[in-house]
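Asks: Predicted structure and sequence below. I'll ask about it afterward.
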Amino acid sequence: MGTAVVTVKVMPKSPEIDLTEVQEEVAKIVREFAGDRETKAEIEPIAFGLKALNFIFVMDEDLGSPDVVSEKIQTLDDVQSAEISDVRRAIG
């Protein structure tokens, strides 16, 4: 198999939530699933001060569906929702 690049969009419960803390917790969950691969986090303004965390990571396709990552992220206290927003096969 190959390598995939996955984006998880994480929505906090409120605008007051510190996304850097959420990012650290998400990174731990991703490392448990995909190992110490390349990751990137981007904060996306939504509306009225609310921001989303787009967490991008690289995984081996042999690991299967990345849905388990979004399901674990949704169990975090400060997270309203988490969904896989993009999956792409890495070429090169």
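Replies: Okay, I see it.

Asks: Can you report phi and psi for T20?
Replies: When read as degrees, to the nearest 10, the backbone of T20 gives phi -70, psi -40.

Asks: Quick check: it vs N54, distance?
Replies: According to C-beta to C-beta, to the nearest Å, T20 stands 14 Å off from N54. All C-beta atoms are positioned from the backbone trio N, CA, C, and that covers glycine.

Asks: Can you tell me how far the nearest residue to I29 once chain neighbours are set aside is from F33?
Replies: Leaving aside its sequence neighbours, I29 sits nearest to K72 (C-beta to C-beta, 6 or more residues apart in numbering; 4.9 Å). Separation of K72 from F33 (C-beta to C-beta): 8 Å.

Asks: Which helix or strand contains the residue nearest to I29?
Replies: According to DSSP states H and E, K72 maps onto helix 67-74.

Asks: What's the first helix or strand after that helix?
Replies: Downstream of helix 67-74 (by DSSP H and E), the next one is strand 79-89.

Asks: And that following strand, how far out from the chain middle?
Replies: 6 Å (C-alpha atoms, centre = their mean, to the nearest Å).
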